[in-house]
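# Task: produce atomic coordinates for the following.
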Amino acid sequence: MATLTREVVVDALGRTDDLVIAEIIAIGATREELAEAQAWIANDDPLLASGRPRATGRVAQLVEILAAVQEEDEALLERSVR
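Down below sits the predicted model:
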């Protein structure tokens, strides 16, 4: 499986900070691992209910990055609403 490229990351995440893209690519993850990390971020309940262990390895690293980006986006949105 090929590692991620800038184009794949942008296709998956949309407009994203270049540093975040570089950090994601540097992990050496695959498209499948990025998709799995996105699934964990979107809703981990079904994954846990299916008996899957919490994300590990590169997927866990991606989850951390994606969660931080999501938190930052939510904080920016909250500030803009005020």
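# middle-most residue in the protein, spatially?
Nearest residue to the geometric centre of the chain (CA atoms, centre = their mean): L66, 3.5 Å.
# which of the residues in the host helix or strand of that residue are buried?
Secondary structure from DSSP states H and E places L66 in helix 57-81. Neighbour-count burial for helix 57-81 flags R58, V59, Q61, L62, V63, I65, L66, V69 (criterion: 16 or more other CB atoms under 10 Å). No exception for glycine: its C-beta is placed from N, CA and C like everyone else's.
# Return the closest of those residues with respect to E32.
Closest approach to E32 among these (CB to CB): V59, at 9.2 Å.
# helices and strands around the helix holding L66, which ones?
helix 18-26, helix 31-42 (3 or more CB pairs under 8 Å, 6 or more residues apart in numbering; DSSP states H and E).
# And it, how far out from the chain middle?
In this view, helix 57-81 has its centroid 8 Å away from the chain centroid, taken as CA atoms, centre = their mean, to the nearest Å.
# what residues does that helix touch?
The contact list for helix 57-81 (CB atoms under 8 Å, 6 or more residues apart in numbering) reads 13, 16-17, 20, 23-24, 27-29, 33-34, 36-38, 40-41, 54-55.
# for stretch 10-30, same thing?
By CB under 8 Å, 6+ apart, the residues outside stretch 10-30 that reach it are 1-6, 9, 31, 34-35, 37-38, 58-59, 61-62, 65-66, 69.
# so how far does that stretch reach from one end to the other?
Start to finish, the residues bounding stretch 10-30 are 14 Å apart (CA to CA, to the nearest Å).
# Just checking, which helix or strand of the chain averages the lowest pLDDT?
The helix or strand of the chain with the lowest confidence, counting by mean pLDDT, DSSP states H and E, is helix 44-49 at a mean of 59.
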